[in-house]
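K.L.:
Sequence and predicted structure below; questions after.
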Amino acid sequence: MVGATIIKDSESGKLNFLKEVEAISDKTFNVLEANILTETVTRKNVKNATASKDIKKEPSLYSDFSLNLRLRGTFLTLLNMLVEMENMPYYNNIDSIFVSNLVDGKFPELTTDSSIKLKVFMKP
């Protein structure tokens, strides 16, 4: 029996993006963990949402979502991953990158653990 996940049409863009990122991760020899970030509700967000209810909302030209990628590989494979992601048919805005060394028994100077926070823009 095969397990299935039901997704909304609005979520299929996220799924397609994640599939492409996973393929790039495999191609560049990185271990990937991806988490879609949800927007936290703050007073400012609530105030802006309340104020915007009075204004007619025009259709958006794009939709976006935030994502956190955790990569394990070498510094060179991280750079290769970033180059491949830059050539994807999505617009990615990288908010932050954090890279640290990991010490493992085999290649202590080569292994890195990286965290990339980005926003992805897509056509709705």
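P.N.:
Structure's in. What do you need? Fair warning: this is a prediction, and the values are worked out from it, not measured in the lab.
K.L.:
Restricting to C-alpha, output the longest helix seen in the chain in PDB.
P.N.:
Assignment by DSSP state H gives helix 12-27 as the longest helix of the chain. Extracted in PDB, the C-alpha atoms of helix 12-27 (Å, rounded to 0.1, in the frame of the first residue of the first chain):
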ATOM      1  CA  SER A  12       1.700  22.400  -5.800                       C
ATOM      2  CA  GLY A  13       4.200  25.100  -6.700                       C
ATOM      3  CA  LYS A  14       5.900  24.600  -3.300                       C
ATOM      4  CA  LEU A  15       6.000  20.900  -3.900                       C
ATOM      5  CA  ASN A  16       7.500  21.300  -7.400                       C
ATOM      6  CA  PHE A  17      10.100  23.700  -6.000                       C
ATOM      7  CA  LEU A  18      11.100  21.300  -3.300                       C
ATOM      8  CA  LYS A  19      11.400  18.400  -5.700                       C
ATOM      9  CA  GLU A  20      13.700  20.500  -7.900                       C
ATOM     10  CA  VAL A  21      15.800  21.500  -4.900                       C
ATOM     11  CA  GLU A  22      16.100  17.900  -3.800                       C
ATOM     12  CA  ALA A  23      17.200  16.900  -7.300                       C
ATOM     13  CA  ILE A  24      19.900  19.700  -7.200                       C
ATOM     14  CA  SER A  25      21.000  18.500  -3.700                       C
ATOM     15  CA  ASP A  26      21.500  14.900  -5.000                       C
ATOM     16  CA  LYS A  27      23.300  16.200  -8.100                       C
END
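K.L.:
Which strands or helices does that helix pack on?
P.N.:
strand 31-37, strand 63-74, helix 75-86, strand 111-122 (3 or more C-beta pairs under 8 Å, 6 or more residues apart in numbering; DSSP states H and E). In this view, the C-beta of every residue, glycine as well, is placed from N, C-alpha and C.
K.L.:
out of the ones you listed, nearest to N16?
P.N.:
Across these, N16 has its closest neighbour in strand 111-122 (8.7 Å, C-beta to C-beta).
K.L.:
Mind pulling the model confidence for S10?
P.N.:
With respect to pLDDT, S10 scores 57.
K.L.:
go on, N16?
P.N.:
Looking at N16, the pLDDT reads 88.
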